[in-house]
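K.L.:
Got a sequence here, can you model it:
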Amino acid sequence: MAEIASHGYFVVADGTPVNSQPNRDLGSGGDVLRAYVDWVIAQNEKPCSAYYQKIETTKVAANGFSCGGLMAAGTAADPRMTTWGHTSSGSFSVNQSFYSSIHTPVLIVTGTADSLGANKNGARDFENIAALGDIPVMMFAKVGADHGGDLWARNGGEFTQVNLAWLNWWLKGDESATGKGALVGPSCRFCTDRTWQVSSANLP
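P.N.:
Numbering: from 1, shown residues only. Here you go, the predicted model:
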């Protein structure tokens, strides 16, 4: 998250680092993240706030790792969202009402050797979102990577770089090698890297 923030994004996390009691109420996780969006928008509009008129509140994303990914999915129907995604996460079953509520581009990042089954769950989400026919969705699966992949590497590793490029594309309109160009196209960084399996559907 620090790596994402270092690129000019205003980042809010649920709980504190190494919190021994993280929020695991997945049913209300989306409510928690939406409340943070409410707070950020309010801070941006409050003259006494340190963030007054410093945040682009029309460009909002949610993402989460593992259980946090299900929290991010809980924001899918929120009209304020620009994009959302999950990392080493995914739905445990097909939920058509959930898929039908999605209205923004979706990013899925996972590892093919995820010991907790997140690769299978992520693939299920990809297939059902792709089937909607009009929602851009991409899935990046790191060959041989386990749960969380290299998120603990320096600067968040490649998992974070995929997420960052996605945010740059959809929130900043960056189509260069630091945004869309890293994810899409015959010479894109991750498309040409055989250690990544890349799937996409409904891209503009």
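K.L.:
Which residue, other than its chain neighbours, is closest to Tyr9?
P.N.:
Among residues not flanking Tyr9 along the chain, Leu167 sits closest, at 6.5 Å (Cβ to Cβ, 6 or more residues apart in numbering). Bear in mind the C-beta positions are built from the backbone N, C-alpha and C, glycine included.
K.L.:
Can you verify the one you found is assigned to a helix?
P.N.:
Yes. Using DSSP: H, G, I helix; E, B strand; the rest coil, the assignment for Leu167 is a helix.
K.L.:
Make 31 the first number, not 1, from now on.
P.N.:
Fine by me, first position is 31 from now on; the one you just mentioned is Leu197.
K.L.:
Model confidence for it, exactly?
P.N.:
The pLDDT attached to Leu197 in the predicted structure is 99.
K.L.:
any idea how far Phe128 lies from Val167?
P.N.:
Distance, Phe128 to Val167, by Cβ to Cβ, to the nearest Å: 14 Å.
K.L.:
Those two: which has the busier surroundings?
P.N.:
Set side by side, Phe128 and Val167 show more neighbours around Val167, with 23 against 17, by other Cβ atoms under 10 Å.
K.L.:
What segments of this structure are helices?
P.N.:
Per DSSP state H, the chain carries helices over the ranges 32-35, 59-75, 97-103, 126-131, 148-160, 187-202, 210-213.
K.L.:
Give me the neighbour count for Gln83.
P.N.:
Other residues within reach of Gln83 by the criterion other Cβ under 10 Å amount to 10.
K.L.:
residues in contact with the residue lying closest to it once chain neighbours are set aside?
P.N.:
Sequence neighbours aside, Asn74 is the residue nearest to Gln83 in space, at 6.3 Å (criterion: Cβ to Cβ, 6+ apart). Asn74 makes contacts with Tyr81, Tyr82, Gln83, Lys84, Ile85, Thr87, as judged by Cβ atoms under 8 Å, 6 or more residues apart in numbering.
K.L.:
Identify the residues contacting the closest residue to Arg224 other than its chain neighbours.
P.N.:
What sits nearest to Arg224 in space, not counting adjacent residues and going by Cβ to Cβ, 6+ apart, is Val173, at 7.6 Å. Going by Cβ under 8 Å, 6+ apart, Val173 touches Thr142, Arg224, Thr225, Trp226, Gln227.
K.L.:
Got a PyMOL select line for the buried ones in those residues?
P.N.:
Provided next is the PyMOL selection string for whichever of the contacts of Val173 are buried by 16 or more other Cβ atoms under 10 Å:
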select buried, resi 142+226+227
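K.L.:
Tell me which of the contacts of Val173 fall in strands.
P.N.:
Mapping those onto strands (DSSP state E) picks out Trp226, Gln227.
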